[in-house]
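Novice: My questions concern the predicted model and sequence given below.
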Amino acid sequence: MAKILVVDDSEIIRVQLKADLEGAGHQVVEAVNGLQGLEVLDENKDVKLVISDVNMPEMDGLTMCEKIHANPDFSQIPIIMLTTQSSAEMKARGKENGVLAWVTKPYKSKALLAGAEKILSRAE
């Protein structure tokens, strides 16, 4: 299955997402903020999907998305935002930078996995 990067400053969310995604057969790499997310992505060029929070220290998720989208090596990687934020401005900024889905916390595992599978199947 696919390698997925999970970026969230909440350890609880990372642990839950990792369990859900690995249970579905995916490999998961993690980061605690956008800056570390970019570093992990650089070390894992085979990542097929990014799932990220918006509000994080050092670098927020939307800024990370902008940097991913601007990098020719990573610009085609689809992104799911998993966050408590849902303003129209944030969603528009995300959409401009590769965000294909916006999921609000708390999330439903089955719905998130179904969305991830749909995005991954389109990317193949």
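Specialist: Sure, I can see it.
Novice: Give me the buried positions along the longest helix that the chain contains.
Specialist: Longest helix in the chain, counting residues (DSSP state H): helix 109-123. Neighbour-count burial for helix 109-123, counted by 16 or more other Cβ atoms under 10 Å, picks out 112-113, 115-116, 119-120. Every C-beta, even on glycine, is put in place using the N, C-alpha and C of the backbone.
Novice: send the alpha carbons of it over as PDB?
Specialist: Output of helix 109-123 as PDB, limited to C-alpha atoms (Å, rounded to 0.1, in the frame of the first residue of the first chain):
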ATOM      1  CA  SER A 109     -11.900   6.700  11.100                       C
ATOM      2  CA  LYS A 110     -14.000   5.000   8.400                       C
ATOM      3  CA  ALA A 111     -14.800   8.200   6.500                       C
ATOM      4  CA  LEU A 112     -11.100   9.400   6.700                       C
ATOM      5  CA  LEU A 113      -9.800   6.100   5.400                       C
ATOM      6  CA  ALA A 114     -12.400   6.000   2.600                       C
ATOM      7  CA  GLY A 115     -11.400   9.500   1.600                       C
ATOM      8  CA  ALA A 116      -7.700   8.600   1.700                       C
ATOM      9  CA  GLU A 117      -8.200   5.500  -0.400                       C
ATOM     10  CA  LYS A 118     -10.200   7.500  -3.000                       C
ATOM     11  CA  ILE A 119      -7.500  10.100  -3.300                       C
ATOM     12  CA  LEU A 120      -4.700   7.500  -3.400                       C
ATOM     13  CA  SER A 121      -6.600   5.500  -6.100                       C
ATOM     14  CA  ARG A 122      -6.900   8.700  -8.200                       C
ATOM     15  CA  ALA A 123      -3.100   9.400  -7.800                       C
END
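Novice: Which other helices and strands does that helix contact?
Specialist: If you count contacts as 3 or more Cβ pairs under 8 Å, 6 or more residues apart in numbering; DSSP states H and E, helix 109-123 packs onto helix 11-23, strand 47-52, strand 79-83, strand 99-104.
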